[in-house]
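Peer 1: Kindly return the folded structure for what I paste below:
(2 chains)
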There are 2 protein chains.
Amino acid sequence: MSKKDQEFKAEVEELEDLVAGENAEATESAEVSDELSELEKVTAEKAALEDQYLRAQAEIANITKRNRSEREMLQKYRSQDLAKKLLSSIDNLERALATEVTDDQGASLKKGVEMVLESLLNALKEEGIEEIPAAKGTAYDPNVHHGVQTVPASEELPADTIVEVFQKGYKLHDRVLRPAMVIVAQ
Amino acid sequence: MSKKDQEFKAEVEELEDLVAGENAEATESAEVSDELSELEKVTAEKAALEDQYLRAQAEIANITKRNRSEREMLQKYRSQDLAKKLLSSIDNLERALATEVTDDQGASLKKGVEMVLESLLNALKEEGIEEIPAAKGTAYDPNVHHGVQTVPASEELPADTIVEVFQKGYKLHDRVLRPAMVIVAQ
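Peer 2: The predicted model follows:
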């Protein structure tokens, strides 16, 4: 082999080595392609998680807001059930006070009952419970008055006017605990 | 150039092309290495999001649980404030009923007041408010009784026994609204 031949051969071998290296990298390149699809997969999973996380955050905000408003409602109307049950006691106290008394003992008892009624009504007022305005000659409001009977309207008491109050009504803040029972002119 | 030389030259050129191609892939390989670090980055970000999402889920469960228990407490003790305010009315009704009456009107008034007191106590009972047991000769319990005075213990009334009840106490479920005021033997 001439010297030139040997040089050529050396060069060819060197290049062949490089080519062999290239083939090894081709295998690596297939792995890389796997890695690329893995990247796409993980990126998609990350996006889905991001979405779930944002939804969870929104849910937390909603739950917190809803619970605050529920608590406020519970707080505002907490006395509703007990107050409703007290209404008949108040009716009965008022009825008892209509009794005529003739002696000092009776008068003393009546005085005591009047004070109890006053303190009961004050306790209710402090909890937001008040009598619904209803009086003869004032306007009938079906939202807070319950017409149990009607009578023909007159000049003095025109249509949709309260003629008589049968039973007092009460409300807790904006909520009607019991409408006032009235006779309405029609 | 001999034919052999030409063949060698062609072979060398071919191999050089391959090597050039390999170099192009080397650049690609650098890009691939970027993609790999991108995969690591996205995978880490995904893991962080997964953690945040799980924490948010746990928070939702906690908030929901806490709110349920808060609502239950609000519901259970909702009548506390109104009930506390009613206690003095009940005391006063009982005091009024201690009045001696001498005639029918007085008796009628008293009867009416007795019924009111009964309906008041029933309303309170329905809301979970009951009188705290306290009677002469029974054990003094500092959790529900308030000793306002002490007297020396005797054979009949040994130490830590209630000698007299000054004022009734009331509780709402397990909560003391007002302790019973008592005299205790010591």
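Peer 1: Tell me which stretches of chain A form strands.
Peer 2: Applying DSSP state E to chain A gives strands spanning A:129-131, A:145-151, A:162-167, A:170-172, A:175-178, A:180-185.
Peer 1: can the fourth one be found next to chain B?
Peer 2: No. No part of strand A:170-172 sits close enough to chain B to count as contact by CB under 8 Å from any CB of the partner chain; the gap is at least 10.4 Å. The C-beta positions use only the backbone N, C-alpha and C, and glycine is treated the same way.
Peer 1: what packs against that strand?
Peer 2: Under the contact definition 3 or more CB pairs under 8 Å, 6 or more residues apart in numbering or on different chains; DSSP states H and E, strand A:170-172 sits against helix A:80-97, strand A:129-131, strand A:175-178.
Peer 1: List the buried residues in the second one.
Peer 2: Neighbour-count burial for strand A:129-131, counted by 16 or more other CB atoms under 10 Å in any protein chain shown, picks out A:Ile129.
Peer 1: counting contacts, what elements does it pack onto?
Peer 2: strand A:170-172.
Peer 1: partners of the strand it packs on in the sheet?
Peer 2: strand A:129-131 (antiparallel), strand A:175-178 (antiparallel) (DSSP bridges).
Peer 1: Just the residues contacting the longest one, thanks.
Peer 2: Yep, that's strand A:175-178 we're talking about. The contact list for strand A:175-178 (CB atoms under 8 Å, 6 or more residues apart in numbering or on different chains) reads A:77, A:80, A:83-84, A:87, A:129, A:132, A:143-144, A:167, A:169-171.
Peer 1: re earlier: can I get the helices and strands packed on strand A:170-172 in TSV with mean pLDDT?
Peer 2: Shown next, in TSV, are those (pLDDT from 0 to 100):
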stretch	mean pLDDT
helix A:80-97	91
strand A:129-131	95
strand A:175-178	96
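Peer 1: Next, format the ones you listed as JSON lines and append distance to A:Ala58.
Peer 2: Output for the helices and strands packed on strand A:170-172, formatted as JSON lines (distance: least, CB to CB, whole Å):
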{"stretch": "helix A:80-97", "distance to A:Ala58": "33"}
{"stretch": "strand A:129-131", "distance to A:Ala58": "39"}
{"stretch": "strand A:175-178", "distance to A:Ala58": "32"}
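Peer 1: Let's have the strands paired with strand A:170-172 in a markdown table, adding distance to B:Met181.
Peer 2: Converted to a markdown table, the strands paired with strand A:170-172 look like this (distance: least, CB to CB, whole Å):
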| stretch | distance to B:Met181 |
| --- | --- |
| strand A:129-131 | 29 |
| strand A:175-178 | 33 |
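Peer 1: so which of those strands comes closest to B:Asp104?
Peer 2: strand A:129-131 (31.2 Å; CB to CB).
Peer 1: Pull the number of nearby residues for the nearest residue to A:Leu97 once chain neighbours are set aside.
Peer 2: When the adjacent residues along the chain are set aside, A:Leu97 lies closest to A:Val113, with 5.9 Å between them (CB to CB, 6 or more residues apart in numbering or on different chains). Other residues within reach of A:Val113, judged by other CB atoms under 10 Å in any protein chain shown, total 25.
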